[in-house]
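In: How does the following fold in three dimensions:
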Amino acid sequence: MKKLFSYRLSFFVLAIILFWAKTYLAYHAEFNLGVKGPTQQFLLVINPFSSAIFFLGLALFAKGRKSAIIMVIIDFIMTFILYANILFYRFFDDFLTFPNLKQSGNVGNMGDGIFSIMSGHDILYFVDIIILIALLVWRRELKEFKLKKRYTSLIIVTGIVLFFINLAIAEEDRPELLTRTFDRNYIVKYLGLYNYTIYDGVQTAQTETQRAYASSDDLTSVENYTSSHYAKPDAEYFGKAKGKNIIKIHLESFQSFLINYKLDGKEVTPFLNKLARGGEDMTYFDNFFHQTGQGKTSDAELMMDNSLFGLPEGSAFVTKGENTYQSLPAILDQSEGYTSAVLHGDYKSFWNRDQIYKHIGYDKFFDASTYDMSDDNLVNMGLKDKPFFKESIPKLQSLKQPFYAHLITLTNHYPFTLDEKDATIEKAKTGDATVDDYFQTARYLDEALEQFFKDLKSSGLYDNSVIMIYGDHYGISENHNRAMKEILGKEITPYQNAQNQRVPLMIHVPGKKGGVNHTYGGEMDVMPTILHLEGIDSKKYINFGTDLFSKDHDDTVTFRNGDYVTPKYTSISNVVYDTKTGKELKGNQETKNLKARVTEQLKLSDSVMYKDLLRFHKMNDFTPVDPSKYHYGKEKLNQDNK
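Out: Numbering: from 1, shown residues only. Below is the predicted model of the structure:
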């Protein structure tokens, strides 16, 4: 053995094996990565190798003993990254980001407790360094083994090639992994902790570059636009919800074609159908559209709470999580003394929620760690909707009133999996599994929602609450047009696909009669609508939507890709259709003006997001949110964070 480790290449191979071993140990012992199936297990095995080969291989360009010393230094740096993430994860159930390091609140919260979260077995993460140093002391000289520079370069290239093989397999298992950036857990699981750290550094650098060149002058055109775009509130609705709790219910992947739809003669969503007809004094907007992009659910949340578009690529929740926002939770808190909370049966790091919610100003975040996540309660993406709603009632009761609560459902999520015992309606029979299963999960969601309404009433919360229900984005994509043709009984043309982007919006305001409202609108319009219901004028804030109840409401619905829908025109890929008939029309000056307005709206919203322009918007009665005041660790969920 003494002879074997006289060679520099042997030292290098040993360093890689030891480094891989401790990383793989940490993956299983320290992090909850949610690894499922042989592909993900395989990726977890191989992803530390690309980082180890590449970075430790850089030391091979040096000679002899110096090369080994550099290897140990590189190993130590990467071990420091690993162990820092282990400690952070033990406290926050999340991975470190570069912005975290700038937030004293995040790291400072660990404070005196940092020694309490250390463990005796942590020494295992440093054993390899001890072994390598011992070998250096034992063998004062390392033979060259005739390793030429071109072979060293080949080793580096091998690490790079291994990474791209890893990435290709990951993209096959989870498409759009890096563009949509769902979750830090996903990046680590698929690509490894060290590659994640590089990725986070690149993302942070891009964000900081865009921020660095921005100034308050860039905000002027935005202020001019939002001021001229403002819609005066309707006196009949202004302030009608003042002081009432607001309970916002997010229907995952729910499209409006399900409302009043019958499958084999049976209503798919009987309770929602009742609400759409004005039951519970609910106002149903039947021409309401989602406006999401690649961020899907996270884009919907962003728009509903901030009246800002998601980004043309990726998720703003992930890449712009450190921005300054003028959000509903913060405005309601500062203007009316509202408590705010999000309730969700998935873990808090998904879509970077545990970070961006701090910048939006949510006081509490009840994620999966606060629910009963036993196997009987889980399906597909997480907690089933029925136990989710049942367990959410006491959480709502624990909130100081008035409160603004956002409940996010999960069961009606692609690929629409449901246990047989929970299915109360037959599947469709198109031969397309996605479409066929969609109706069963939608029915389950409908039943869960009906019981939730009953529980709200018995809990005493219903009578003093505004209740809003909305669909976040489409459930059935264009990839399933053949099956959707059978379901809807019509050809799914580009025009029809645009019409299919309707999602429900229903609002119950105590004391106001319900019914169907045919106003055209989108998720961008919800924030100013709620502000006006609360008696707060939206004009002083930067928002790109308009009040749905206002007579001055802008009924042009802008899609993230630049298409649009109005009561008169639908424009898809620059082809104009009559919205009522679907007939293709020739463009005219009116449609050109509409296109220009849509383009300007998207451009200005993107400017706000990319340049973080709201940090320059000074207001006498609104203070930017301080994210360091919010903490969503399990041990503090029951404390008042305000």
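In: Which elements pack onto the helix or strand hosting Asp333?
Out: Using DSSP states H and E, Asp333 falls within helix 328-336. Helices and strands touching helix 328-336, by 3 or more C-beta pairs under 8 Å, 6 or more residues apart in numbering; DSSP states H and E, are helix 297-306, strand 339-344, strand 403-408, helix 526-533. Backbone N, C-alpha and C define where each C-beta goes, glycine included.
In: and the helix ranked longest in the chain, which residues are buried?
Out: In the chain, taking DSSP state H as the definition, the longest helix is helix 64-92. Using 16 or more other C-beta atoms under 10 Å as the test for burial, helix 64-92 gives 67-72, 74-75, 78-79, 81-83, 85-92.
In: for stretch 527-544, same thing?
Out: 527-536, 538, 540-544.
In: May I ask which two of those are separated the most?
Out: Gly535 and Phe544 (21.5 Å; C-beta to C-beta).
In: Quick check: mean pLDDT of stretch 38-53?
Out: For stretch 38-53, mean pLDDT is 92.
In: List the neighbours of it that are in contact with it.
Out: 15-16, 19-20, 23-24, 27, 33, 35, 78, 155-156, 158-160, 162-163, 166, 169-170, 172-173, 189-195 (C-beta atoms under 8 Å, 6 or more residues apart in numbering).
In: Am I right that Phe616 is in contact with Thr220?
Out: No: the criterion here is C-beta atoms under 8 Å, and Phe616 misses it with Thr220 at 9.6 Å.
In: Between those two, which is the more surrounded one?
Out: Between Phe616 and Thr220, counting by other C-beta atoms under 10 Å, Phe616 is the more crowded of the two (17 against 12).
In: OK, contacts around that one?
Out: Here Phe616 is in contact with 214-216, 218-219 (criterion: C-beta under 8 Å, 6+ apart).
In: Repeat the analysis, applying 6 Å as the threshold.
Out: 216, 219 (C-beta atoms under 6 Å, 6 or more residues apart in numbering).
In: Next, it: phi, psi?
Out: Main-chain dihedrals, Phe616, degrees, to the nearest 10: phi -90, psi -10.
In: Give me the pLDDT for it.
Out: Reported pLDDT for Phe616: 96.
In: Look up how far Ser216 lies from it.
Out: 4 Å (C-beta to C-beta, to the nearest Å).
In: So, low pLDDT: which residues of the stretch 501-642 of the chain?
Out: For the stretch 501-642 of the chain, the stretches with pLDDT under 70 are 633-642.
In: where along it do the strands fall?
Out: 505-508, 515-522, 557-558, 564-565, 569-572, 575-578, 584-585 (DSSP state E, counting those that start in this stretch).
In: same deal with the stretch 301-450 of the chain?
Out: 339-344, 364-366, 378-379, 382-383, 403-408.
In: Quick check: what element follows the helix or strand bottoming out on mean pLDDT in the chain along the chain?
Out: In the chain, no helix or strand scores lower on mean pLDDT, DSSP states H and E than helix 104-108, which sits at a mean of 46. Sequence order places helix 127-138 as the next helix or strand after helix 104-108, per DSSP H and E.
In: which one is Gln206 nearest to, not counting chain neighbours?
Out: Excluding its sequence neighbours, the residue lying closest to Gln206 (C-beta to C-beta, 6 or more residues apart in numbering) is Thr319, at 7.8 Å.
In: Per-residue pLDDT of the one you found, please?
Out: 84.
In: neighbours of it, just the number please.
Out: Counted with other C-beta under 10 Å, the neighbours of Thr319 add up to 21.
In: ok, now how distant is it from Thr207?
Out: Distance from Thr319 to Thr207, by C-beta to C-beta: 6 Å.
In: circling back to that earlier point, so which of the contacts of stretch 38-53 sit within helices?
Out: 15-16, 19-20, 23-24, 27, 78, 155-156, 158-160, 162-163, 166, 169-170, 172-173, 189-191, 193-195.
In: Among the strands of the stretch 301-450 of the chain, which comes closest to Asn273?
Out: Checking the strands of the stretch 301-450 of the chain against Asn273 by C-beta to C-beta gives strand 403-408 as the closest, at 20.7 Å.
In: Only C-alpha atoms, please: export that closest one in PDB.
Out: What follows is strand 403-408, C-alpha atoms only, in PDB (Å, rounded to 0.1, in the frame of the first residue of the first chain):
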ATOM      1  CA  PHE A 403     -56.300  37.300   8.000                       C
ATOM      2  CA  TYR A 404     -55.400  36.700   4.400                       C
ATOM      3  CA  ALA A 405     -54.900  33.000   3.800                       C
ATOM      4  CA  HIS A 406     -53.800  31.300   0.700                       C
ATOM      5  CA  LEU A 407     -54.600  27.500   0.400                       C
ATOM      6  CA  ILE A 408     -52.900  25.600  -2.400                       C
END
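In: could you say what helices and strands it packs with?
Out: strand 245-251, strand 339-344 (3 or more C-beta pairs under 6 Å, 6 or more residues apart in numbering; DSSP states H and E).
In: I'd like to know which of the ones you listed is closest to Ile133.
Out: Using C-beta to C-beta, the helices and strands packed on strand 403-408 put strand 339-344 closest to Ile133, at 46.3 Å.
In: any idea how far the residue nearest to Gln291 when sequence neighbours are not counted is from Ile81?
Out: Counting by C-beta to C-beta, 6+ apart, Gln291 lies nearest to Gly522, which is 4.5 Å off, once chain neighbours are set aside. Distance, Gly522 to Ile81, using C-beta to C-beta: 42 Å.
In: next one: Val72
Out: For Val72 relative to Ile81 (C-beta to C-beta), the value is 15 Å.
In: What ranges does the stretch 151-300 of the chain have for its helices?
Out: 177-180, 184-191, 193-212, 220-229, 270-276, 297-306 (DSSP state H, counting those that start in this stretch).
In: so which of the ones you listed gets nearest Gly460?
Out: Comparing the helices of the stretch 151-300 of the chain by C-beta to C-beta, helix 270-276 comes nearest, at 20.7 Å.
In: So what's the gap between that closest one and the chain middle?
Out: Put simply, helix 270-276 sits 28 Å off its chain's centre (C-alpha atoms, centre = their mean, to the nearest Å).
In: Alright, I will stop here.
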